[in-house]
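Trainee: okay, sequence plus prediction incoming.
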Amino acid sequence: MVFAAILTLPVFVLEMGAHLIPAFHMAIERSIGTQTSWLIQFVLATIVLFGPGLAFFTKGVPALLRGAPDMNSLVAVGTGAAWVYSVVATFLPALRRTLARGAGEGPHRRGDPGAAGPTGSHGARPARQRDGRGGC
């Protein structure tokens, strides 16, 4: 957990600092450049996702395949989808723009990958709740 937090902190500072403090954004552009910042964030986030976060995939994917998804499944699907989106946005930006236009999104708008999260959680109830043996 500490390892994941240590690797996540620079990602948070690079991304959120650039949004919150315009001077920080300019300092990043002048020193390492935006693309380099994105690559650093991608590498660190990938290490966290497939290092300490691997447990979500090893527990969640089998549960999903059994037809009994749990919170591990929800986290695995959500973070996996966000990671794939990041790969496309970072390394294939022209493809992301093409797909966005094909989905009816104009070139001036950015997609919202986070909007898919709540949609995927509808089937994440335990089996005893789905078949009427308890829960909501």
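Mentor: Thanks, I have the structure now.

Trainee: now for the helix or strand where Arg97 lies, which elements pack on it?
Mentor: The secondary structure element spanning Arg97 is helix 93-102 (assigned by DSSP states H and E). Here helix 93-102 touches helix 71-91, going by 3 or more CB pairs under 8 Å, 6 or more residues apart in numbering; DSSP states H and E. For the C-beta atoms, the positions are set from N, CA and C on the backbone; glycine is no exception.

Trainee: which parts of the helix it packs on are buried?
Mentor: Buried residues in helix 71-91, counted by 16 or more other CB atoms under 10 Å: 72-80, 82-83, 86, 89.

Trainee: distance of Ala18 from Ala5?
Mentor: The gap separating Ala18 from Ala5 is 20 Å, by CB to CB, to the nearest Å.

Trainee: do the same with Leu95
Mentor: Using CB to CB, we find Leu95 at a distance of 32 Å from Ala5.
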